[in-house]
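Colleague: Starting from these lines, generate the structure:
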Amino acid sequence: MNLNKLTNFLKTAKKNTYASEKAKRITSQKSGSKDYEYKEGEFLYHDTYFGSHDFIGEEIIYENGKPIWGMNYNGYIIDEKENEKDIYIFLRKALAQDYDDIIPVRGPKNFKIENYEYKNNTLGTLGKFEGREEILKDGKLIYYAIFHGGFIK
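Modeller: Next up is the predicted model:
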C-alpha cells in the first residue's frame, strides 16, 4: 500500500462527501443510515452514520474491493439550546479545510469563524489513531465527538 496515495485519496474523499454541501447521499445500505461514497482509481471510500443530534458511524476505505483502512466515530451536541443545523454547517466548513498540521482523519487542529471554534486532538498515525474533536461557541463547549481507527489487516 502506498501511504501517500492513500492519504491523498482520504483527503479528497472527505472533501467530496460529508464535508461538501454539494455531496449527495447514496442509497442507505443499512436501515436508518445515511451513506456517502467516493471512488477514485482502485480506492473506494464509504461513510455511513446513524442519528444527527447524537450520532455514530464508520468510514471504510477499500482498495480493489478489499477493506484496508477504517474509522469509527461517535458524537453529541451537548447544549440543547444550540441550533443543530448551525453546528453542522460549521463542522462541515471545518472538515473541508486544507491542512497539514495533523493526520487527515477529521479536521485541522484549530479552525475559527466568528464565535465558533473547532478543535481537533488526534494521537497516532494513519495506521493507528484515536482522537477527539470539539466545537465551542463563545468559548463554551457545545459539541464533541470521539474517533479511532487505522489499517485493516
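
Colleague: Could I get the full set of strands for the chain?
Modeller: Using DSSP state E, the strands of the chain run over residues 34-40, 43-51, 54-63, 66-77, 110-113, 116-125, 128-137, 140-151.

Colleague: C-alpha coordinates for the second one, CSV please?
Modeller: This points to strand 43-51. Coordinates of each C-alpha in strand 43-51 appear next as CSV, following Å, rounded to 0.1, in the frame of the first residue of the first chain:
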residue,chain,number,x,y,z
PHE,A,43,-9.9,3.2,-4.0
LEU,A,44,-13.5,3.4,-2.7
TYR,A,45,-14.4,5.4,0.4
HIS,A,46,-17.7,4.6,2.2
ASP,A,47,-19.0,6.7,5.2
THR,A,48,-22.2,5.5,7.0
TYR,A,49,-23.7,7.0,10.1
PHE,A,50,-26.8,7.0,12.2
GLY,A,51,-28.5,9.8,14.0
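
Colleague: How far does it sit from its chain's centre?
Modeller: Taking the mean of its C-alpha atoms, strand 43-51 sits 10 Å from the chain's own mean (Cα atoms, centre = their mean, to the nearest Å).

Colleague: Let me have the strands of the chain in JSON lines, extended by distance to Thr7, mean pLDDT and mean neighbour count.
Modeller: Every residue, glycine included, has its C-beta placed from N, CA and C. Output for these, formatted as JSON lines (distance: least, Cβ to Cβ, whole Å; pLDDT from 0 to 100; neighbours: other Cβ atoms under 10 Å):
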{"stretch": "strand 34-40", "distance to Thr7": "13", "mean pLDDT": "96", "mean neighbour count": "17"}
{"stretch": "strand 43-51", "distance to Thr7": "11", "mean pLDDT": "97", "mean neighbour count": "19"}
{"stretch": "strand 54-63", "distance to Thr7": "11", "mean pLDDT": "97", "mean neighbour count": "17"}
{"stretch": "strand 66-77", "distance to Thr7": "10", "mean pLDDT": "98", "mean neighbour count": "17"}
{"stretch": "strand 110-113", "distance to Thr7": "20", "mean pLDDT": "97", "mean neighbour count": "14"}
{"stretch": "strand 116-125", "distance to Thr7": "10", "mean pLDDT": "97", "mean neighbour count": "17"}
{"stretch": "strand 128-137", "distance to Thr7": "12", "mean pLDDT": "98", "mean neighbour count": "18"}
{"stretch": "strand 140-151", "distance to Thr7": "12", "mean pLDDT": "98", "mean neighbour count": "17"}
